[in-house]
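Colleague: what's the 3D shape of this:
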Amino acid sequence: QQHHVFNQGMESGNSVLRHGWFQPGYDTWAFETLDAGVSIGSGVATVVFGDQHHVFNAGTDTGQSALRHGWFDPTVGTWQFETVDFGKSDSTSPGSGVIYDDQLHVFASAPTGDVFPGRELRHGRRDSVSGIWAFETLDPYEENSGCENSGLGSAIVGSDGNLNWFGERLCNNILGIPNQIPELRHAWYDAAGWHYETLNRYDDSPSIPSTSSFHGNSEVFGRSAELFPCGHHGGCLGHMWWDGAWHVDYPDLDTAGVNPVSTSTYPTFDQLHAFFAGGSGLRHVWYQPT
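Modeller: Residues are numbered from 1 along each chain as shown. Model prediction:
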């Protein structure tokens with residue numbers, strides 16, 4: 001078992017995708033650049049499927065912005081890369097990778113290409129036998145309301161076995177100025193197909209959510225810019241959870257400027273954790289039922 005990290009780095013003045021892993025036998029970290037000259041390392045999303053690491057990030061292909069997918073092939077000991085959803089997903093915002101129905105899935109963002117362009121949420125799944133990707137547009141751009149999906153968010157398989165996506169959607173404000181009203185958007189897939197709802201709309205700043213499953217509940221953390229109860233324009237940490245109905249609370253009211261959030265569980269101590277940039281540094285909150 002090894003720790004792995006994927007991030008954006010710089011090499012010879014160019015943005016690149018970096019990969020690091022901890023080597024227990026040497027008690028040190030090793031690093032490498034992946035997909036040099038193609039992947040640029042922004043918007044990284046990772047998932048482990050079987051015995052393989054998969055990484056999605058922004059890249060270029062024949063001069064166009066593209067969504068790049070890489071996986072480590074243990075049989076040959078090297079990384080393989082490909083462009084997926086070429087001409088659609090431009091990888092401005094790779095959202096999340098997830099395993100559902102024994103298949104690899106990814107959520108990303110794509111421009112509509114219409115006369116009045118916006119952005120739409122793209123969803124892809126990879127057939128485990130053929131390795132062929134199939135993509136579709138979810139929750140499309142609404143020209144009338146100006147609501148578009150940024151592709152920033154997180155996917156999770158809920159306790160009910162359904163595939164869930166929680167992401168940021170940006171809408172026009174009452175003056176028609178685009179991308180001024182962020183809202184937390186929820187999409188889920190069941191036997192009847194895809195469904196959508198808006199969970200929360202924020203005053204002045206987006207919430208880019210991170211999700212986890214804890215005690216069978218879906219847990220969603222992100223930035224809330226509500227003046228009540230946060231009490232300031234900087235926003236505070238918002239938390240929503242589903243146990244048959246949606247609930248909301250604000251675990252860290254006094255910290256302004258909440259930025260991207262990462263969540264995890266710690267089964268050994270039965271704890272739920274959230275890490276985020278807030279105030280002047282890294283903030284950490286955790287919940288323990290007993």
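Colleague: mind checking pLDDT for P260?
Modeller: P260 is assigned a predicted lDDT (pLDDT) of 67.
Colleague: and if you look at the one 10 residues further on?
Modeller: pLDDT, D270: 95.
Colleague: Packing partners of whichever strand or helix holds W29?
Modeller: Element membership for W29 (DSSP states H and E) is strand 28-34. Secondary-structure packing of strand 28-34 (3 or more CB pairs under 8 Å, 6 or more residues apart in numbering; DSSP states H and E): strand 14-23. All C-beta spots, glycine's among them, are computed from the backbone N, C-alpha and C.
Colleague: picking that back up, so which bits of the strand holding W29 are buried?
Modeller: For strand 28-34, a neighbour-count test (16 or more other CB atoms under 10 Å) marks 33-34 as buried.
Colleague: centre of the chain versus the helix or strand just after that strand, how much separation?
Modeller: Beyond strand 28-34 on the C-terminal side, the first helix or strand identified by DSSP H and E is strand 45-49. Chain-centre distance of strand 45-49: 11 Å, with CA atoms, centre = their mean, to the nearest Å.
Colleague: hang on, the earlier thing: how about residues contacting the strand holding W29?
Modeller: Applying CB atoms under 8 Å, 6 or more residues apart in numbering, the external contacts of strand 28-34 come out as 9, 11, 16-23, 55, 70, 79, 81.
Colleague: could you redo the last one with a cut-off of 10 Å?
Modeller: Strand 28-34 is contacted from outside by 2-3, 5-7, 9-12, 14, 16-23, 39, 41, 55, 57, 68, 70, 72, 79, 81, using CB atoms under 10 Å, 6 or more residues apart in numbering.
Colleague: Partner strands of it, with direction?
Modeller: Paired strands of strand 28-34, with direction, are strand 14-23 (antiparallel) (DSSP bridges).
Colleague: pLDDT on the partner strand, on average?
Modeller: 94.
Colleague: And for stretch 282-289?
Modeller: Here the average pLDDT along stretch 282-289 is 90.
Colleague: Buried residues, that stretch. List them.
Modeller: 283, 285, 287.
Colleague: and what of stretch 136-155?
Modeller: Neighbour-count burial for stretch 136-155 [16+ other CB under 10 Å]: 138-139, 141, 146-155.
Colleague: returning to that earlier point: any idea which of the buried residues of stretch 282-289 is the one closest to G193?
Modeller: Y287 (33.6 Å; CB to CB).
Colleague: residues in contact with the host helix or strand of F81?
Modeller: F81 belongs to strand 78-84 when assigned by DSSP H and E. Strand 78-84 is contacted by residues 17, 19, 32, 34-35, 38-39, 52-53, 55-57, 59-62, 64, 66-73, 89, 91, 106, 108, 122, 124, 126, 131, 133, 135 when judged by CB under 10 Å, 6+ apart.
Colleague: One more pass at 6 Å, please.
Modeller: Strand 78-84 is touched from outside by 34-35, 61, 66-73, 133, with contacts defined as CB atoms under 6 Å, 6 or more residues apart in numbering.
Colleague: would you list these in a markdown table and tack on pLDDT, secondary structure and distance to D270?
Modeller: Converted to a markdown table, the contacts of strand 78-84 look like this (pLDDT from 0 to 100; DSSP: H, G, I helix; E, B strand; the rest coil; distance: CB to CB, whole Å):
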| residue | pLDDT | secondary structure | distance to D270 |
| --- | --- | --- | --- |
| L34 | 97 | strand | 36 |
| D35 | 96 | coil | 39 |
| D61 | 90 | strand | 45 |
| A66 | 91 | strand | 42 |
| L67 | 93 | strand | 37 |
| R68 | 95 | strand | 38 |
| H69 | 95 | strand | 35 |
| G70 | 96 | strand | 35 |
| W71 | 95 | strand | 33 |
| F72 | 91 | strand | 32 |
| D73 | 85 | strand | 37 |
| W133 | 97 | strand | 38 |
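Colleague: Whichever of the residues you listed end up buried, select them in ChimeraX.
Modeller: Buried residues among these (16+ other CB under 10 Å), as a ChimeraX selection:
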select :34,35,66,67,68,69,70,71,72,133
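Colleague: Let me have the buried residues of stretch 136-155 in JSON lines, extended by secondary structure and pLDDT.
Modeller: As requested, the buried residues of stretch 136-155 are exported to JSON lines (DSSP: H, G, I helix; E, B strand; the rest coil; pLDDT from 0 to 100):
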{"residue": "L138", "secondary structure": "strand", "pLDDT": "88"}
{"residue": "D139", "secondary structure": "coil", "pLDDT": "80"}
{"residue": "Y141", "secondary structure": "coil", "pLDDT": "68"}
{"residue": "G146", "secondary structure": "coil", "pLDDT": "71"}
{"residue": "C147", "secondary structure": "strand", "pLDDT": "78"}
{"residue": "E148", "secondary structure": "strand", "pLDDT": "78"}
{"residue": "N149", "secondary structure": "strand", "pLDDT": "78"}
{"residue": "S150", "secondary structure": "strand", "pLDDT": "74"}
{"residue": "G151", "secondary structure": "strand", "pLDDT": "75"}
{"residue": "L152", "secondary structure": "strand", "pLDDT": "77"}
{"residue": "G153", "secondary structure": "strand", "pLDDT": "84"}
{"residue": "S154", "secondary structure": "strand", "pLDDT": "88"}
{"residue": "A155", "secondary structure": "strand", "pLDDT": "92"}
